[in-house]
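Undergrad: need a 3D model of the sequence below.
(chains A and B, ligands or ions: 1)
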Amino acid sequence: MNLAEAQSALDAGLLEARSAVETATLIDDLEEASRQFLGKRSPASAANEAIKGLSAEERPAAGQAVGAYRAAVTELIDARRGVLQGVAEAAGAEGERLDLTLGGHGRMRGHLHLITQIQRELEDIFVGLGYRVAEGPEVEDDWHNFEALNIPPAHPARSMQDTIYVQLGNEEQVLLRTHTSPVQIRTMETHEPPIYVVAPGRTYRNETLDARHSPVFHQIECLAVDRNLTMADLFGTIEAFVRQLFNNDSVRTRFRSDFFPYTEPSAELAVSCVFCHGNGCRVCSHTGWIELGGCGMVDPNVFVAVGYDPEEWQGFAFGFGLERLAMIRYGIDEIRTFVENDVRFLARY
Amino acid sequence: MRAPLSWIREFTPVDAPVDEIVGALNQLGLEVEGVEEPGREIAGVVVADVLQVLPHPNADKLSLVDINDGTRETRVVCGAPNVVAGMHVPFAPAGATLPGGFTLERRKIRGETSDGMLCSAKELGLGEDHSGILGLDASTVPGTDVREVLGLDDVVFDIAVTPNRPDAMCIVGVARELAAHFGVPLSVPGAEPARDAAYASDISVTIESPDRCPRYLGWSARVAMGPSPAWMQQRLVKAGMRPISNVVDVTNYVLLERNQPLHAFDLGRLPGRGVIVRLAKAKESITTLDGVARSLTNEDLLICDAKSKPQAIAGIMGGSDSEVDETTTEILLEAAYFERMGIARSSKRLKLRSEASARFERGIDPDAVASHAARAMALLVEVAGAGVDSTPIDEHVAPFTRPHISLRTSKVNRLLGTELTDTDVLAALSPLGIDVEGSGDAIVATPPSFRPDLEREVDLVEEVARRVGFASIGRTVPKPQDQIGGLTGAQQERRVAADALVGAGFFEAVTLPLVGPSDLERFGAPTDRVIAVANPLRAEDSALRTQILPGLLRAVATNQARGLADVSLFEIGRVFLAAKKGLLPDEKLHLAGVVAGSIHRSPIEGDRPADVYDAVDAVRVLLDALEIADHALVPGSPPGMHPTRAAMVRVGGTEVGSVGQMSARVCESLGVTGSTVAFELDLGALLDAPRRDRAFVTPSPYPPATIDLAFVVAVVVPAASIESTLRAASGEMLEDVHCFDEFTSDALGDGRRSLAFRLRYRAADRTLKDAEVAALRQVGIDAVIKTHGAELRA
Ligand SMILES: [Zn+2]
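TA: This is a model prediction of the structure:
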């Protein structure tokens, strides 16, 4: 057998193999075809024998022809095997039916508390503006919670806040912080300006838990101190923050004169109602505006209290309650919801 | 405070629409919390003249009243006893409407037709008086709309005044702000009462504590007690005060109008015909106007009679002994200026706040005491026929000086981010009564004596900002130059810890850090360092938590009470322990978790009760998420937990918390039912602990050799100890070891159990030979037998 005859025998074998494989209906038929077309008596085997009688020049081409033949037959058989296996599996699957709508094994993830989610969201917005996150103790002394914030003893502003005092030190010397503002003082006491920080955390009021009152709630507070920060910087920062918070460039802010002992000038911050776009609805008590918090330029007395020169440094601060923000956003009407920890509430957010 | 627009307009001709006025007040920081139009719901009610009153033929307590309403004569049935012929009354004919939207109809009452009704004060929304028909002034013309006659065609603003603005707590103050805003004049006429030349004062005023009472003006007058006139009553009612008598109403009227608290003593009941202003003695007491006996301290300031008997708590409330009543014929009118902090402290300690104390503690106008007293006397002449003493006694230590404040236009602009001119700055300030002179950075501003809040340059900057409006200030966003925003490592890792537990199926809770001491005690939490609340509202909130778990278990109980039996909760929060030194407590950041009820696997597998291994899993998830290098569970009996189903969590040799099954006793006391397991860790300590080495190690590509070893040991020997022994003995060839079987049986004997371990050996650089594996196996067996008194099971 010369090279041409060998090639011709392989071509014929491949045609036969294709016919045999395509008509096979059982996996066993394919095993038989494999033996017949690739085994000891197959055209490939015969061609291999023939190669031994060929010249050294012809042998490589003949070897390639045998390889191509084997690959083609193997591919035919594998493809047909896949088809036949699929048919067999389908036939047997009915007895293995499982109802996936039964649910799973029950291993599910839990949820972060809504307040934590909001706190992270706010922290991340401020981090994006270049701020760091500052923290301080929840049990505070009178100096950090009141006095350094320009709220001396018997100041009328103290009666604005019902304070929880604890039995440490002198009478009414140690308390649960009534706002996150003492973190401003601690940050300034321990750092040289410039300062750009945001302070989230738990705060306390002496109230019994009910639908509208909670002894524990959360605030977030922003403090920036630099050489020439202005009220325009305060308003601009708040507006940038609010747009990001509501993910909405059309939300408007409104500032009204207000009073806080630790800022001067001070303003109340409101945003246009995101539900009715300012037309008035239940959430905004039909005013079109939602009061969010307070803000202002850091009072010089506060700078003096922490040893900053108020002629050299100017700063701004603003803050608001996280529960209030959550209540507005999601229409939650009772503040106690946040500390009842009903798993239906926790699972909803 | 409530400010009727008609009253404001007495001082300034503000004619802007109501919504513009509201907008202006809000912008100026006088927040309008409500706008009322008292007469809005009244329609068709007119003045009528009573012609005659006849008895009702069929009812003893009713009468038939014939009236003339200006256009016709008609008849109504009336039940009020005070109606007499000649009286002018409010008449609501059929078709008229009253507050509440109530429309009248002609109807028969006991067989007699009534063409509407006559109205009491209450029925017109004027206060609470329902005892009789409201008598109108005889000068009113029948047919006139009663809204005009009664001043009900008015608008009342309910304004929240911030504590720094005592001047705005009165009608004149609000009028001043509006006049400045709208650019219209403000006119507050002075008053000079006619004095009775023949009535020269014999009263005395002695100030023994001038630092607490820098000014006291006493002024006597002979008065004819009676009701105040309708116009005065109407204004008081609209401003939220109850009319009492002409004398008391005048003091309240001047308080509301001018921000000057006044007190009228019955001079006949003031022994010695004079007052002494002095500090109370310890244990002295007084019964105040509200009938409460109050014990005083030597920090409370008293107004005493000339015999030194207490007659009023200065600036806060009068005493009942010298109160004016219908028998009073002569009064001593007090107009004073009391030191602010003293009033604030007394008011707070006595828990007694009044309209007067609220104003004194914020600071009234010390310079205006005499003119405000004159205003009151002029009104008393008008409404109480007063004969005014020719010489008031005005005691004060020194004239009050107004501060001169340096103001720089450059500072205004530097703080506000504006480009205001000197003219802008001056024009902003002077309409507020602030005297300004100079220019540029050499402006000197002298605030009026009624603005105690204006002391510093920055206070004036705020006034400028208020006047120019925040809308005229720009918007810029500063960026820190020298720092990159970000969370600290600890802040990031707290998020990691929370996220890991959320991934493990836990829901984050927020519980109150205020707990009952009994909760802590029952829980076996350490009590020696518990911090007590000094002013708790409830016993349940009277201590700061030293552990999170009691509160978290209460949250479980809340859920269970709502039919939600199966819950997994965790909380990250502070706990508080009294510090060993220093004032503030040690605040530790804890992380606690609880699994209660059943673990749901049905119908795929069966449900099962939560067991202690659910809590152990959570702790392991957490330790892994935080990549804690060296940790172990060590059997122990943490308080509050099952004595033999709990362990201490140890990190780097230090105990950082506990994990286990909650004791049934504790669960019951907290209202928790069912199987409950929990853990509580000092998260701060965890975050400080050494972390796993992150250097890369190439996983060996060679095949492992796996063997099983079973030992019989005492039940108190922890499986983890045997694992440690095996690890230590086997060295680095041991890639993994874990216990895969545990059992006890009679054959093993009491207190003994079998533990089976699977060990996987692998070398980094070769396939282990059988002989090497056999040697490693024997080393492990020997070590366990020697260390734990174990026997090898065949
Ligand atoms: Zn709305």
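
Undergrad: for the ion, what is the nearest residue in the stretch 401-550 of chain B?
TA: B:Ala471 (21.2 Å; Cβ to the ion). (C-beta placed from N, C-alpha, C; glycine too.)

Undergrad: please tell me how far that residue sits from A:Asp226.
TA: Taking Cβ to Cβ, to the nearest Å as the measure, B:Ala471 falls 24 Å from A:Asp226.

Undergrad: those two: which has the busier surroundings?
TA: The neighbour comparison of B:Ala471 against A:Asp226 (other Cβ atoms under 10 Å in any protein chain shown) goes to A:Asp226, with 19 against 9.

Undergrad: the more buried one against A:Trp313, yeah?
TA: Yes: when contacts are counted by Cβ atoms under 8 Å, A:Asp226 is listed as touching A:Trp313 (7.1 Å).

Undergrad: which neighbours do these two share?
TA: Residues touching both A:Asp226 and A:Trp313 by Cβ atoms under 8 Å, 6 or more residues apart in numbering or on different chains: A:Pro193.

Undergrad: can you pull the contacts of the residue of chain B found nearest the ion?
TA: Here chain B gets closest to the ion at one residue, B:Asn26, 17.3 Å apart by Cβ to the ion. The contact partners of B:Asn26, taken as Cβ under 8 Å, 6+ apart, are A:256, B:32.

Undergrad: how does it look with 10 Å?
TA: By Cβ atoms under 10 Å, 6 or more residues apart in numbering or on different chains, B:Asn26 lies in contact with A:254, A:256-257, A:268, A:270, B:32-33, B:159.

Undergrad: am I right that it is in a helix?
TA: Yes: when DSSP: H, G, I helix; E, B strand; the rest coil is applied, B:Asn26 is found to be in a helix.

Undergrad: quick one on the thing from earlier: I'd guessed the residue of the stretch 401-550 of chain B closest to the ion sits against A:Ala267; true?
TA: No: at 11.4 Å, B:Ala471 does not count as touching A:Ala267 under the criterion of Cβ atoms under 10 Å.

Undergrad: can you count the residues close to residue 17?
TA: Chain wasn't specified; assuming chain A. For A:Ala17, the tally of surrounding residues (other Cβ under 10 Å) stands at 23.

Undergrad: if you could check chain B rather than the one you did, that'd help
TA: 8.

Undergrad: do the same with the one 5 residues further on
TA: The criterion is other Cβ under 10 Å. On that basis, B:Val22 has 19 neighbouring residues.

Undergrad: about what we covered before: give the residues shared as contacts by B:Ala471 and A:Ala267.
TA: Residues touching both B:Ala471 and A:Ala267 by Cβ under 10 Å, 6+ apart: A:235, A:254-255.

Undergrad: mind checking which of the residues you listed are in strands?
TA: If you go by DSSP state E, the shared contacts of B:Ala471 and A:Ala267 have A:254-255 in strands.

Undergrad: in a markdown table: the shared contacts of B:Ala471 and A:Ala267, plus pLDDT and distance to the ion.
TA: Converted to a markdown table, those look like this (pLDDT from 0 to 100; distance: Cβ to the ion, whole Å):
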| residue | pLDDT | distance to the ion |
| --- | --- | --- |
| A:Phe235 | 97 | 22 |
| A:Arg254 | 93 | 13 |
| A:Phe255 | 94 | 19 |
